[in-house]
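Colleague: what's the 3D shape of this:
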Amino acid sequence: MKKNKDQFIENYFQGVSKISSLINKLDIESIAQSLVNIRKKNGRVFFLGVGGSAANCSHAVNDFRKLCNIECYSPADNISEYTARANDEGLDSTFVGWLKVSNLNKKDALFILSVGGGNEKRKVSMNIVEAIKFAKTTKSKTLSIIGKKDGYAYKHSDEKILIPNIDNKLITPYSEAFQAVIWHCIVSHPKLMTNKTKW
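Modeller: This is a model prediction of the structure:
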């Protein structure tokens, strides 16, 4: 018995193809070059995200360290410190406190992975907003892969890659999926990749 194609699935993957064609490749190239420059200066990259994007940060840290020899960290990986800071000082300060102890400086960069990029007016992802503000005080660069133009990260990042929004109902799955597509492109770039993958 032949099964009919599910139209949602068909449309979903057509969307993947559309986003791939629309995404600004020059922005990806620019961030790749910035990471080359950060590595040359022995700078560090701090990946910041919440929710599913926090999980992507952990994966990205692994890839950039292992494949590109860039010193990287994700504060959300230290769940004890993250939750202690949230409990004792408030959620908004979770990343800033971590970055202060890590002596964030002008050789370093934040790398934001986020759907909305934080929103001061709506008080969403304020830990990302406060981290970007703090980075400005240290003259650290802020890089972002984000899904919305109206968020704080889009407006205040030094360099950003916007994932085209083709469907408001699917902005989160497409944004978080393309975070991975994009960083895998960057770590595979001949400018950055210094160690081969196993397979």
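Colleague: quick one, what contacts Asp158?
Modeller: Ser34, Lys141, Thr142, Leu143 (CB atoms under 8 Å, 6 or more residues apart in numbering). Bear in mind the C-beta positions are built from the backbone N, C-alpha and C, glycine included.
Colleague: farthest pair within those?
Modeller: Spatially, the most separated pair among the contacts of Asp158 is Ser34 and Thr142, at 10.4 Å (CB to CB).
Colleague: quick one: the strands in this structure?
Modeller: 44-48, 71-73, 109-114, 141-146, 159-162 (DSSP state E).
Colleague: for the nearest residue to Arg65 once chain neighbours are set aside, grab the count of nearby residues.
Modeller: Spatially, and ignoring its direct neighbours in sequence, Arg65 is nearest to Cys72 (5.2 Å; CB to CB, 6 or more residues apart in numbering). Counted with other CB atoms under 10 Å, the neighbours of Cys72 add up to 21.
Colleague: check the one 5 residues further on too.
Modeller: Residues near Asp77, counting by other CB under 10 Å, number 14.
Colleague: so who does the nearest residue to it once chain neighbours are set aside touch?
Modeller: Leaving aside its chain neighbours, Asp77 sits nearest to Ser58 (5.6 Å; criterion: CB to CB, 6+ apart). By CB under 8 Å, 6+ apart, the contact list for Ser58 reads Phe47, Ser74, Ala76, Asp77.
Colleague: got a list of what the second one touches?
Modeller: It stands for Ser74. Contacts of Ser74 (CB under 8 Å, 6+ apart): Phe46, Phe47, Leu48, Gly49, Ala54, Cys57, Ser58, Ala60, Val61.
Colleague: now it: how far from Ala180?
Modeller: Distance, Ser74 to Ala180, by CB to CB, to the nearest Å: 14 Å.
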